[in-house]
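Colleague: The sequence and its predicted three-dimensional model are supplied below.
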Amino acid sequence: MSPVGTLPPVAYGSRGSRHRSRPLRHPPPRRAPHPPPRASSHRRSAPSTHAPLGRRIGIFRVLLVMLLLAVVARLADIQVVHSSHYKRLAADELSVTVADPGLRGDVYDRNGAVLAISVPTKTVVADDFQIAKPADEARALSPILKVPVEKLTSLLSEHSGYVPIATEVPASQGNKLASDNLPGITLFDTSERIDPDGSLAGPLLGQVHSSGAGASGLEYQYNGLLSGKAGTQTLLESPAGVDLPQGSALTRSAGDNGTGIELTIDQPLQYVTENALGAQIAATGAESGTAIVMDTRTGDILAMANLVKGNNGLGLVSGTSSPVSEAPSNLGLTQAYEPGSVFKLVTFSAALQDGIINPNTSFTVPDQIELDGSTFHDAEFHPTEELTATQILAQSSNIGTSEIARDLGEDRLLAQVRNLGFGQVTGLDFPGENPGVLAGAAQWEPTNLVSLPIGQVDAVTAIQVLDAYNAVANGGLLVQPRLVRATIGADGKAMATKASATRRVFAPSIDAELKAMLESVVAGGTGVSAAIPGYTVMGKTGTAQVPVPGADAYISGDFVASFVGAAPASNPVLTTIVVLNHPTPIYGGTVAAPVFSQIMSYALHRYGIPTTPGAPSQAPATAPAAGDQAQDVT
């Protein structure tokens, strides 16, 4: 029997034993409560990372493939589709296109003699960074370039990358150098301008720059014609701008050689003219001189000499007793001066044209006159005398000329100055040609009525004076001077330039009177030293003071001496002017007239001009006395 208050044990081990009574349900045994879950200790199954990683790798692979396709497409575009474009861009990085001018056109005299010619040459440049043994290369270059080994070694050791070592190398030597294929050496095509006669006619022909372009004179004036049409060549060049040695031209476009020009100049006469003028400059100590010879009918300039004392010009003239050289510029066209008595042509031609005088009109000529409070006088004292218009011109009387001018008047004088071409360029279009300076109506002063007729106040050029006197020689027709008579094409054919324009400035009857009056100047006046044996000569002397720049005064002892004339006087074919600056003696009839005679004598015989019947066969035995020349001073 079980104790009170306890229940009997229940047997669970036997299947067959079962209590009929409903057993009591005991609550299940109490378990210890679980601690509250913590987020960090709550354990769940972690989701798998393999699927997202696979997706990322897949995306990366797709992007990589797309990038590779883009690169391939771009390479195909560069190397296949647009390969030529990118090749050009690449070439442009290491190339430069430069002008490749053809040879400059030649300059000839009127008979085809060469006065200036261009010959092919080479310029030799070294990249000394590519030259491992400068001394060895210098020894190879020296006999070809005719440059000392020591100098070449020094040049090839500069380490600058671009060293010009020789210019104007003859093409034959350049070709020999190119065949040697020396490392670091490059040759460039150039040309050299050569004047076969040295400095002959240098101020007229002009100079060229080192680039080959005309710098002065006719070389500058006709540069567009002489230069021709430039071609191009493309050369290899480093990024620093240095031409790559041994690099031949990538492309070359040939240009056209320049067109040649044939001048009106006669080479032998030019030589004689320069020698005669140069000898007189040396003999008289003149600072400079000009001599121009013109074909009376055509206006062609046959000789144009411009020389200076000393050796500072463009080149020495041979055969002079002291140094005389070619002037730096063409003085006959660019230098203006007060002309002096040669300007009296203006007064006499206008007075004859207007009927105020004839060659025999008589004037009472004192040695001085008063005008507007100023005193004007002849260079030498003389008693009052009676002179015809012809005598006034032959003796170069300043007072007599002023009397004619007062009858003529201001307006008519100024009109005749213009009519004869003064104060304007000649039409040669020569670079730097000076139109001169005229005292016009606005600047007119009462005393100009004396000063202008005797060649003061106005400033002119030698070519203007020559043109005016050539009009007298040409029957009253003023002819425009000309320097270029033809152009010479690449085929050697000459094409003549336009003939010079002419205009009438004197009536034929007036012109005949002027010729006779000017002939008297040489026959027995101030110009006797201009006489040419066997020919009659017409002309006029001039001895002009030199004004102080910017002041109403003259430089003491400084004069311009000149003579201008034509021959044969009865039917002139040649007209010439000679001008000497600051000579001793000072008179045009003493120093300029003999040079005129020498030049014209040669020219008349050279061109086979018949002698004049009845003309003196001998030149004057003695030079005119200073007293006979003094009246010429203005």
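Modeller: Sure, I can see it. Numbering: from 1, shown residues only.
Colleague: Please make it C-alpha for all contacts and neighbour counts, starting now.
Modeller: OK.
Colleague: Could you look up the SS state of Leu518?
Modeller: Following DSSP: H, G, I helix; E, B strand; the rest coil, Leu518 is assigned to helix.
Colleague: what's the distance between it and Gly614?
Modeller: 18 Å (Cα to Cα, to the nearest Å).
Colleague: Which one's more surrounded, the two?
Modeller: Leu518 (25 against 9; other Cα atoms under 10 Å).
Colleague: Tell me who's in contact with the more buried one.
Modeller: Leu393, Ala394, Met538, Gly539, Lys540 (Cα atoms under 8 Å, 6 or more residues apart in numbering).
Colleague: which non-adjacent residue is nearest the most centrally placed residue in the chain?
Modeller: Residue closest to the mean C-alpha point of the chain, counted by Cα atoms, centre = their mean, is Ala215 at 2.4 Å. Using Cα to Cα, 6 or more residues apart in numbering and skipping residues adjacent in sequence, the residue nearest Ala215 is Val208, 4.7 Å away.
Colleague: measure Cys335 to Gly174 for me?
Modeller: One correction, residue 335 is Gln, not Cys. 44 Å.
Colleague: Quick check: Gly310 vs Ile281, distance?
Modeller: Counting by Cα to Cα - Gly310 and Ile281 are separated by 10 Å.
Colleague: between those two, which one's more packed in?
Modeller: Ile281 (31 against 20).
Colleague: surely Glu386 meets Ser362?
Modeller: Yes. With contact defined as Cα atoms under 8 Å, Glu386 counts as touching Ser362 (6.6 Å).
Colleague: okay, and for the stretch 501-634 of the chain, where does confidence drop off?
Modeller: The model of the stretch 501-634 of the chain has pLDDT under 70 over residues 621-628, 630-631.
Colleague: go with 90
Modeller: 524, 548-554, 556-557, 614-634 (pLDDT under 90).
Colleague: which two from the contacts of Leu518 end up farthest apart in space?
Modeller: The most widely separated members of these are Leu393 and Met538, with 11.9 Å between them, by Cα to Cα.
Colleague: shared neighbours of the two, anything?
Modeller: By Cα under 8 Å, 6+ apart, the residues touching both Leu393 and Met538 are Leu518, Val521.
Colleague: that older thread, so the residue nearest to Ala215 is in contact with Leu218, correct?
Modeller: No. Using Cα under 8 Å, Val208 is not in contact with Leu218; the gap is 10.0 Å.
Colleague: residues in contact with Arg412?
Modeller: Ala350.
Colleague: ok, so what distance separates it from Thr401?
Modeller: 15 Å.
Colleague: And for Ala569?
Modeller: 23 Å.
Colleague: who has more neighbours, the two?
Modeller: Thr401 (23 against 20).
Colleague: What residues does that one make contact with?
Modeller: Contacts of Thr401 (Cα under 8 Å, 6+ apart): Lys344, Thr347, Phe348, Ile392, Leu393, Pro453, Ile454.
Colleague: If you rank these by neighbours, which is first?
Modeller: Result: Ile454 is most packed of the contacts of Thr401 (other Cα under 10 Å), 33 neighbours.
Colleague: isn't that one right up against Lys344?
Modeller: Yes. Counting by Cα under 8 Å, Ile454 does reach Lys344; the two are 5.6 Å apart.
Colleague: Just the terminal-to-terminal distance for stretch 141-157.
Modeller: End-to-end for stretch 141-157, by Cα to Cα: 14 Å.
Colleague: again with stretch 440-447
Modeller: OK, stretch 440-447 end separation, Cα to Cα: 13 Å.
Colleague: where's it relative to the chain centroid, distance-wise?
Modeller: 38 Å (Cα atoms, centre = their mean, to the nearest Å).
Colleague: what does it rub up against?
Modeller: So stretch 440-447 is contacted by Leu371, Asp372, Ser374, Leu414 (Cα under 8 Å, 6+ apart).
Colleague: Kindly report the same for stretch 152-163.
Modeller: Contacts for stretch 152-163 (Cα under 8 Å, 6+ apart): 125-129, 131, 134-135, 137-138, 141-142, 165, 242-243.
Colleague: what's the farthest-apart pair in those?
Modeller: Top of the distance list for the contacts of stretch 152-163 (Cα to Cα): Ser142 and Val242, 23.8 Å.
Colleague: can you list the domains in the protein?
Modeller: 93-125+194-263, 268-632 (automatic domain parsing).
Colleague: which parts of stretch 384-397 are buried?
Modeller: Leu387, Thr388, Ala389, Thr390, Gln391, Ile392, Leu393, Ala394, Gln395, Ser396, Ser397 (16 or more other Cα atoms under 10 Å).
Colleague: Any idea how many residues pack against the residue nearest to Ser500 when sequence neighbours are not counted?
Modeller: Nearest residue to Ser500 in three dimensions, chain neighbours excluded: Gln480, at 5.3 Å (Cα to Cα, 6+ apart). For Gln480, the count of nearby residues is 20 (other Cα under 10 Å).
Colleague: Provide the backbone phi and psi angles at Gln480.
Modeller: phi -70, psi 130 (degrees, to the nearest 10).
Colleague: Isn't it up against Ala501?
Modeller: Yes. Counting by Cα under 8 Å, Gln480 does reach Ala501; the two are 5.5 Å apart.
Colleague: Okay, the nearest residue to Asn223 once chain neighbours are set aside and Asp195: tell me how far apart.
Modeller: Nearest residue to Asn223, sequence neighbours excluded (Cα to Cα, 6+ apart): Gly214, at 5.4 Å. Counting by Cα to Cα, the gap from Gly214 to Asp195 is 14 Å.
Colleague: Kindly reformat the domains of the chain as a markdown table containing distance to Ile59.
Modeller: Output for those, formatted as a markdown table (distance: least, Cα to Cα, whole Å):
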| stretch | distance to Ile59 |
| --- | --- |
| domain 93-125+194-263 | 41 |
| domain 268-632 | 75 |
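Colleague: who are the neighbours in contact with Pro203?
Modeller: Contacts of Pro203 (Cα under 8 Å, 6+ apart): Gly217, Asn306, Leu314, Glu326, Ala327, Pro328, Ser329, Asn330.
Colleague: ok, 10 Å please
Modeller: Applying Cα atoms under 10 Å, 6 or more residues apart in numbering to Pro203 gives the contacts 216-218, 304-307, 313-314, 326-332.
Colleague: Next: Gly102.
Modeller: 118, 120, 189-191, 226-232, 254-258.
Colleague: quick one: contacts for the closest residue to it other than its chain neighbours?
Modeller: Residue nearest to Gly102 in three dimensions, not counting chain neighbours: Asn257, with 4.4 Å by Cα to Cα, 6+ apart. For Asn257, the contacting residues are 101-106, 225-231, 489-490, by Cα under 10 Å, 6+ apart.
Colleague: give me that answer again for 6 Å
Modeller: Asn257 is in contact with Gly102, Leu103, Gly228, counting by Cα atoms under 6 Å, 6 or more residues apart in numbering.
Colleague: Likewise for Ala171?
Modeller: Pro120, Thr121.
Colleague: and the gap between it and Glu137?
Modeller: Ala171 is 20 Å from Glu137, by Cα to Cα.
Colleague: What of Thr543?
Modeller: Where Glu137 is concerned, Thr543 sits at a distance of 65 Å (Cα to Cα).
Colleague: Arg61 now?
Modeller: Taken as Cα to Cα, the span from Arg61 to Glu137 is 61 Å.
Colleague: Now list the buried members of the contacts of Gly102.
Modeller: Buried, going by 16+ other Cα under 10 Å: 118, 120, 189-191, 226-232, 255-258, out of the contacts of Gly102.
Colleague: quick check, nearest of these to Asp558?
Modeller: Leu226 (41.3 Å).
Colleague: what's that closest one in contact with, if anything?
Modeller: Arg104, Gly105, Gly258, Thr259, Gly260.
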